[in-house]
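> predicted model follows, preceded by the sequence.
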Amino acid sequence: MTIKHTLKLCFLLLIFSCASSKISKIEGKRLDIDENLESNRAIEDFIKPYRDHVNKNMDSVISYAPETYSKKDGYYNTAIGNLMADAVYSEGNPIFNKRTGKNIDFVLLNHGGIRSIISKGNVTIRTAYEVMPFENSVVVAELKGEQVNEMMAYLSKAKRAHPVSNQLQLILDPDGDIKSATVNGEPIDTSKTYNIATNDYLYNGGDGMVFFHPNEGLHILDYKIRDVLIDNFKKKDTLNPKPDKRFIQKKF
């Protein structure tokens, strides 16, 4: 071994020795997080004013529900689903129109995205957070008519009350096949481009909704579905959504 190599080895041993001498023993113990875990009074006193402020805002009454609305109330469309889809159209279309000069043709959301009932009585900001606790936002995709037909085929096979706004009407025959599909009273035109509002989760393929890609364009409204509901509820003294004939199946 050369002197140079010997010096390098000594240097490395010196560094390792110094580093090793600084290593101290670390001990820990398991803390069970349950009802027996006591809170820190100082921290509790610090956050109480903020918690009270948030709760006061969340419990602000913004509307009234004469009935309890649940996503289980209907087979193909529900009052709460219709309320949400129509709210996205009502609140989102003015924004989209101002930016593009065009209108949203209809709205499609997902049944599973409705996370709570709207209980009979006062409707609060907290209600909107319970119904839509996620951070999903409104987007508008430009789709060819053929893709809209794919969407109708998806809905007919899914047989779930995925919320759609009242600009769309989808009617299934007794066998569950599509009898008719219209947008604003007109049959879907395969040569036309439609502006479909949805949420970013579905746009990215959630619930198997892959028909949003490819597309002719995407418009991000920077508007959370939850905020849509809050803004919409504030405009109504009383919520009064109803199941209707926007998505139905003929019995005979």
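Ah, there it is.

> enumerate every residue touching D73.
Counting by CB atoms under 8 Å, 6 or more residues apart in numbering, D73 touches 79-80, 243. The way it works is simple: take the backbone N, C-alpha and C, and place the C-beta from them, glycine included.

> can you pick the most crowded of those?
Among the contacts of D73, I80 has the most neighbours (other CB atoms under 10 Å), with 26 neighbours.

> looking at it, that residue is touching I114, isn't it?
Yes - using CB atoms under 8 Å, I80 makes contact with I114 at a distance of 6.0 Å.

> now for these two: what residues contact both?
Shared contacts of I80 and I114 (CB under 8 Å, 6+ apart): 71, 131.

> picking up where we left off before, in helices only, show me the contacts of D73.
Using DSSP state H, the subset of the contacts of D73 located in helices is 79-80.

> so how far is the helix or strand harbouring K179 from its chain's centroid?
Using DSSP states H and E, K179 sits within strand 178-183. Offset of strand 178-183 from its chain centre (CA atoms, centre = their mean, to the nearest Å): 26 Å.

> please export the C-alpha coordinates of that strand as CSV.
Taking only C-alpha atoms (Å, rounded to 0.1, in the frame of the first residue of the first chain), the coordinates of strand 178-183 have been written out as CSV:
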residue,chain,number,x,y,z
ILE,A,178,-81.8,3.9,-25.8
LYS,A,179,-85.2,4.9,-27.2
SER,A,180,-84.3,8.6,-27.6
ALA,A,181,-81.6,11.1,-26.5
THR,A,182,-82.0,14.8,-27.0
VAL,A,183,-80.2,18.0,-26.0
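
> flag every buried residue along that strand.
181, 183 (16 or more other CB atoms under 10 Å).

> do the same with stretch 100-117
Neighbour-count burial for stretch 100-117 flags 104-111, 113-114, 116-117 (criterion: 16+ other CB under 10 Å).
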